[in-house]
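J.: Sequence and predicted structure are below.
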Amino acid sequence: MAQNQDPGPGSHCVLIFMLGVFLLASPFTTWWMTTVAPWYFPFVLWLLLIILSAALARRLIKRHDA
Amino acid sequence: MTLSLAPLFVSALLYLLLLFVIAHATERRWLPPRLTRHPAVYVLSLGVYATTWSYYGSVGFAKDQGLLYLTIYLGVTLAFVLTPVLLMPLLRLTRTYQLTSVADLFAFRFNSQASGVLVTLLMMAGVLPYIALQIRAVTESTVVLTRHDSAPHVLAFWFVILVTVFTIIFGARHVSPREKHEGLVTAIAFESLMKLLALFLVAIVAVWQAFGGLAGMHDWLADNPEVMTAMYRPAREGPWASLMLLAFAAGFLLPRQFHMIFTENLKPRQLLTASWAFPLFLLALTLLIPPILWAGMVLQPDTSPDYYVLGLSLQSGSPTLTVLAYLGGISAASAMIVVTTLAVSSMILNHLVLPLASPQPHVDLYGALRWLRRMVIAAFIAAGYGFYLVMEPTAGLVGWGLISFLAIVQLLPGIIALLFWSRATAGGFIAGLIGGSAIWAFAVMLPPLTGGDALAWIGLGGPDAAGTPAVYQTATFWSLSVNIFLLVLISLLSRPDPREREAAAACRELAPMLPVGDLRARSPQQFVEQLSSVMGTRAAEAEVHKAVRDLGMDWNENRPNHLYGLRSQIQRNLSGMMGPVLARMIVDERLRVDNESHTALTQNVRLIEERLETSRTRLRGLAAELDRLRRYHRQIIEDLPLGVCAVAQGGRLVRWNPAIARLTGIPVNNVIGRRLDELPEPWGPLLNRFLAAETDNWHKQNLFTEGRQRWYSLHKARVEEPETRHRQSRGETVLLLEDLTDVQRLEQELAHSERLASIGRLAAGVAHEIGNPVTGITCLAQELRDEADTDATEAYASDILAQAQRINNIVQSLVRYARGGDRTARIETAVDLHDTVAEAMRLTMLNRRARELRFENLVSVRHQVLADPQQMLQVFVNLLTNAVDACDDDGRIRVRSTVAADWIEISVIDNGTGIAREAMDQVLEPFYTTKPPGKGTGLGLPLVYNIVRDCGGELSIISDGDGTTVHLRFRRASLPVAVGEG
């Protein structure tokens, strides 16, 4: 029995994933590597993704507990 | 500084013993569960991802390939970012269907043992070198610290023995991997913490030794810009995206990752926490790599960059730091070997061993499984040790790790198909896996071992292939391209069988197929009997009992849909123990479904509704509209004041609305799925007889329920199959139950009233006809008495007169009763209650016996009611007369009144013998009397009742052994204006 399903706020993770791909695996990545950014720059981008994921996870945990 | 072998060996031994203690303390609950089940422990346990490759090899990797080393962790981060749509659905699947490994997952999805076998073989081939790599890292690190004063193979041997013992004790203590290994998880989490702490201390000490602090390090970097250029250039020019893709897949598909993420997960919300906390752990770990590398470049320890962590700790001159750094490496290696072995041994057992050696009924299944698992664990670690012995230490630590990753990524197309493409078939998956794996084997796996270069024509292969990350770009591209191409092509050319379609729907969280037949087993006990022949009685009993407990089911359950649920639960539990394919085979073979018997749609209605209600995803679009329509129609049935039940084939109940639950007193939960004849008396036999009856309607069935008599009407109609073009009945029936008790009682009361009215009319006619002869008799008797010449004659005449008077009284009573309902003859006016009661008392006391009693008129002189004065007088005379008859010689009769808003309430109270309880319901009936024969007509109280009712008043009687109180209630008359006022 096929169903149309609403994936809910979990689908927001796809947006964060796309942002992650943009920051870490795109021509933008090559650009910031070319500029020889500070050594910790990739870690800052990485931390940004983690913070966004944490915010989403917080929402999902609240929804899961509700 | 160098360290001797003995302290290193002892410290490693003590460390591994500490892990034993932690694991044991967790399982014995010596450590509080609040701590060991904390999400942080789960997150840290995922740190098993960081092996010696990360711990030691990342520094060397960063030295050679710059920031490329980050890809191994960024890829994992991206996989964890997708937790809600990628990892959570996989977790749901593995938890629901008890799938304990990635091979189980694919075997379940494609309903194919071959898929499980292939994945298992690929995993074995992919991770054996990886295990060998861990053993090599441990021995090499020992050699580095002891300056070659040790025999590597002997060290490796004892390390392997210890790890094997640990794995067997804490990883195979349960029969089935479906049981959680909390002790193991806590120990692995501790190891992750150890890795992070050791690396952190080494980094801090090294940076301070090399640069005098972080500021010094930044100054050094500013002075040496070529260092940063060397970090960025390989990342720009190298296989950045390909390595991220490999790490993306490895992050959750590596056997050890899959095991820790899914199999050892206690609560789904832990995974949501891990979606950000695990990448944070990796970030903390990898942030330490560049400072260690640069400190190593400055301090130049006497080791290869792969072992800078040890070289720098040696150079610090601190034996404590050196041992700590060494133990960090031991942690990384042992954790990886233990968890990987557990995960792969489960695959080997479920997909290679058990299909060849099926369970035997005369062999203790649990014991056999436990020993088989232990043997597989020992054999697998031994194979890793063997691989270590034959492996040439040509490739760096990273090389064999990437080879393993490239094997794992071959599962990625299958995972995407599993989650998002129902059309994928087992044939497509197997073809894609074989194609991709072949390229993996010939491009990167075999060349370092054989020196072959079969794929050199597409830019792959060569003995040094594994050592150069650049080759992974090409290898990833070609292997995945071939894999995906074959998966799609063969899937489109082949057709999935029904079971594959069902599994595909389950994987996509679509509703699985509905049962299409009846189970042959009719009870859990019959399940045991049928499973015993393949699993042995003990295991069959244990498994059926466990499934019954899991479902909270009663052991005597016999409802087909519940038994079908039990069958599914047993299949899931067996899947956790021996894999999904074997579990399905056993269940299909032993717990057979009778496909010839048609299970009607109605029988599955409840199942469909439960699935819709418990579905965690919200419907949208047309599906949501249809669901709303379904809820609306269901609500109509639920809210109907008529009792509705639907009976499917075989007399099984599939619908039982709240109204029928109320009428019968049988709650819905006890009914659905049961047969009609299982319902308690009187409903079961009644409904069953009605179902079998030829007529569709039974009117006013008289039942004795809840201690009283009730009347019901029953109706039934055949239900037609909605989808069939030619509408025809499939044996399903809907029954309606209507409670007619109130209607029946009203009808009876009406008939009774009609009868009484007829009696009244008859009585009036009779009284009129009898009155004339009685008057004649009285006149003649008076004359006879007056003219009597003897005393005897006078006495006879007096008797005649007394009897005639008695007849006259009866006739008058009849006349008064008959006229009681005549409203037209009544004149309503304000009646002074006190005076009326006083007059009634006076008249009553004309009776000689009444004069011996005590009368009290407590009625207020201000109380007036709207009524006919003569009728009111009659009411009180009748009530007082009854009271006199009921009282003994010391009788006391009181009449009092109270006001309640627009009403006046009058109570006539006596202390007589009272009215018997069984007579209470009848005292208002005409001609019913409790007095001795000849003393009463039975018309006094009915007449009172009629008069009160006609005045719009109310009458009630309360009586017990201490007397009787008659309460009257009349509408209050407005007080007359006093003459002269105003």
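T.: Great, that's in hand.

J.: for the helix or strand hosting B:Trp294, packing partners?
T.: For B:Trp294, the element it lies in under DSSP states H and E is helix B:289-299. Helices and strands touching helix B:289-299, as assessed by 3 or more C-beta pairs under 8 Å, 6 or more residues apart in numbering or on different chains; DSSP states H and E, comprise helix B:58-65, helix B:182-211, helix B:214-223, helix B:225-237, helix B:308-315. Backbone N, C-alpha and C define where each C-beta goes, glycine included.

J.: So what's the model's average confidence on stretch A:59-66?
T.: What stretch A:59-66 shows for mean pLDDT is 80.

J.: Show me where the stretch 301-450 of chain B dips below the pLDDT cut-off.
T.: Filtered on pLDDT under 70, the stretch 301-450 of chain B yields the residue ranges B:361, B:392-398, B:448-450.

J.: show me where it has helices.
T.: B:308-315, B:319-348, B:365-390, B:397-408, B:412-420, B:426-440, B:447-450 (DSSP state H, counting those that start in this stretch).

J.: repeat for chain A
T.: A:12-24, A:27-34, A:41-65 (DSSP state H).

J.: thinking again about what came up before, right, and the helices of the stretch 301-450 of chain B - which one's nearest chain A?
T.: For chain A, the closest of the helices of the stretch 301-450 of chain B is helix B:412-420, at 11.6 Å, according to C-beta to the nearest C-beta.

J.: quick one, what contacts the most centrally placed residue in chain A?
T.: Residue closest to the average C-alpha location in chain A (C-alpha atoms, centre = their mean): A:Ile16, at 2.7 Å. A:Ile16 sits next to A:49, A:52-53, A:56, B:81 when contact means C-beta atoms under 8 Å, 6 or more residues apart in numbering or on different chains.

J.: any idea how far it is from B:Leu245?
T.: The gap separating A:Ile16 from B:Leu245 is 18 Å, by C-beta to C-beta, to the nearest Å.

J.: likewise B:Leu519?
T.: Taking C-beta to C-beta, one finds B:Leu519 at 47 Å from B:Leu245.

J.: do B:Leu582 as well
T.: 34 Å.

J.: try B:Leu221
T.: 30 Å.

J.: the more surrounded of the two?
T.: B:Leu245 (23 against 17; other C-beta atoms under 10 Å in any protein chain shown).

J.: tell me the contacts of that one?
T.: Contacts of B:Leu245 by C-beta under 8 Å, 6+ apart are B:75, B:409, B:412, B:476.

J.: ok, now with 10 Å
T.: Taking C-beta atoms under 10 Å, 6 or more residues apart in numbering or on different chains, we find B:Leu245 in contact with A:25, B:71, B:75, B:78, B:239, B:405, B:409, B:412, B:472-473, B:476-477, B:480.

J.: Equivalent analysis for B:Asn847, please.
T.: Here B:Asn847 is in contact with B:853, B:880-881, B:884-885 (criterion: C-beta under 10 Å, 6+ apart).

J.: Out of those, who's the most crowded?
T.: That'd be B:Leu880 among these, by other C-beta under 10 Å, with 24 neighbours.

J.: Distance check, it against B:Gly891.
T.: 11 Å.

J.: Also B:Leu184?
T.: 93 Å.

J.: neighbour-wise, which of these two wins?
T.: Set B:Leu184 next to B:Gly891 and count neighbours by other C-beta under 10 Å: B:Leu184 wins out with 28 against 21.

J.: hmm, which two among the contacts of B:Asn847 are most spread apart?
T.: B:Leu853 and B:Thr881 (11.4 Å; C-beta to C-beta).

J.: Now for the two: what residues contact both?
T.: B:844, B:847.

J.: can you tell me which residues contact residue 49?
T.: Using chain A here. Taking C-beta under 10 Å, 6+ apart as the test, what A:Leu49 contacts is A:16-17, A:19-20, A:23-24, B:74, B:77-78, B:80-81, B:276, B:279, B:283.

J.: actually chain B
T.: B:72-73, B:76, B:192, B:247, B:250-252, B:254, B:256-257, B:260-261, B:278, B:281-282, B:285, B:332, B:335-336, B:339 are the contacts of B:Tyr49 under C-beta under 10 Å, 6+ apart.

J.: and residue 42, how many residues sit next to it?
T.: Went with chain A since none was named. 24.

J.: my question was about chain B
T.: B:Tyr42: 25 neighbours (other C-beta under 10 Å).

J.: Would you mind measuring from it to chain A?
T.: Between B:Tyr42 and chain A the distance is 13 Å, computed by C-beta to the nearest C-beta, to the nearest Å.

J.: Show me what the helix or strand harbouring B:Val644 packs onto, helices and strands only.
T.: Using DSSP H and E, B:Val644 falls within strand B:643-647. Using 3 or more C-beta pairs under 10 Å, 6 or more residues apart in numbering or on different chains; DSSP states H and E, the elements in contact with strand B:643-647 are helix B:601-614, helix B:621-639, strand B:653-656, helix B:658-664, helix B:683-692, strand B:708-720, strand B:729-739.

J.: now it against strand B:708-720, angle please.
T.: Comparing the axes of strand B:643-647 and strand B:708-720 via axes from the mean of the first three to the mean of the last three C-alpha atoms, to 10 degrees yields an angle of 50 degrees.

J.: how far does strand B:643-647 sit from the chain's center?
T.: Distance, stretch centre to chain centre, for strand B:643-647: 25 Å (C-alpha atoms, centre = their mean, to the nearest Å).

J.: Secondary structure and pLDDT added to the contacts of B:Asn847, as JSON lines?
T.: What follows is the contacts of B:Asn847, written out as JSON lines (DSSP: H, G, I helix; E, B strand; the rest coil; pLDDT from 0 to 100):
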{"residue": "B:Leu853", "secondary structure": "coil", "pLDDT": "87"}
{"residue": "B:Leu880", "secondary structure": "helix", "pLDDT": "90"}
{"residue": "B:Thr881", "secondary structure": "helix", "pLDDT": "87"}
{"residue": "B:Val884", "secondary structure": "helix", "pLDDT": "88"}
{"residue": "B:Asp885", "secondary structure": "helix", "pLDDT": "86"}
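
J.: so which of those residues comes closest to B:Leu784?
T.: Of the contacts of B:Asn847, the one sitting nearest to B:Leu784 (C-beta to C-beta) turns out to be B:Thr881, at 30.9 Å.

J.: Contacts only, for that closest one.
T.: B:Thr881 touches B:840, B:843-844, B:847, B:850, B:936, B:940, counting by C-beta under 10 Å, 6+ apart.

J.: contacting residues around the spatially closest residue to B:Asp696 that is not a sequence neighbour?
T.: Closest residue to B:Asp696 apart from its sequence neighbours, by C-beta to C-beta, 6 or more residues apart in numbering or on different chains: B:Lys716 at 5.3 Å. B:Lys716 makes contact with B:645, B:647, B:687, B:690-691, B:693, B:695-698, B:733-737, according to C-beta under 10 Å, 6+ apart.
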